[in-house]
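Engineer: Could you look at this predicted model? Sequence included:
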Amino acid sequence: MKMLRNLRAQVNPSTIIIMVVAIFIAGLLLPTAMSSFKAANYTGLDSAVITIFTVLLPIVIGVGIALKFLHKSG
């Protein structure tokens, strides 16, 4: 969170544009992907595999997106 410590908080316009486009694309694709995971045919799979696809995978995707936009301090 280097930007929060910087009093001037200068950011390149290209960074803002990339963030807006990435959030827009994620907003379009993620609901479709998550509904596809829920509606998929899971016959013949163990309950653990079904839990991974329907519960853990959306959580991991959300955490991955959050970590993409957080800068490493240092």
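Structural biologist: Arrived safely, thanks for sending.

Engineer: Centre-most residue in the protein?
Structural biologist: Nearest to the geometric centre of the chain sits Ile65, at 2.7 Å (C-alpha atoms, centre = their mean).

Engineer: Is it in a helix, a strand, or coil?
Structural biologist: Secondary structure assignment for Ile65 (DSSP: H, G, I helix; E, B strand; the rest coil): helix.

Engineer: Leaving out the residues flanking it, which one is nearest to it?
Structural biologist: Sequence neighbours aside, Ala26 is the residue nearest to Ile65 in space, at 6.1 Å (criterion: C-beta to C-beta, 6 or more residues apart in numbering). For glycine as for every other residue, the C-beta is placed from the backbone atoms N, C-alpha and C.

Engineer: same for the host helix or strand of the one you found, what does it pack against?
Structural biologist: Using DSSP states H and E, Ala26 sits in helix 13-39. For helix 13-39, the packing partners by 3 or more C-beta pairs under 8 Å, 6 or more residues apart in numbering; DSSP states H and E come out as helix 57-69.

Engineer: Check the gap between the residue of the chain positioned farthest from its centre and Lys38 for me.
Structural biologist: Relative to the C-alpha centroid of the chain, counting by C-alpha atoms, centre = their mean, Gly44 is the outermost residue, at 29.1 Å. Gly44 is 18 Å from Lys38, where distance means C-beta to C-beta, to the nearest Å.

Engineer: next one: Gly27
Structural biologist: 18 Å.

Engineer: thought the residue nearest to the centre of the chain was touching Ile25?
Structural biologist: No - with contact defined as C-beta atoms under 8 Å, Ile65 does not count as touching Ile25 (10.8 Å).

Engineer: All set, thanks.
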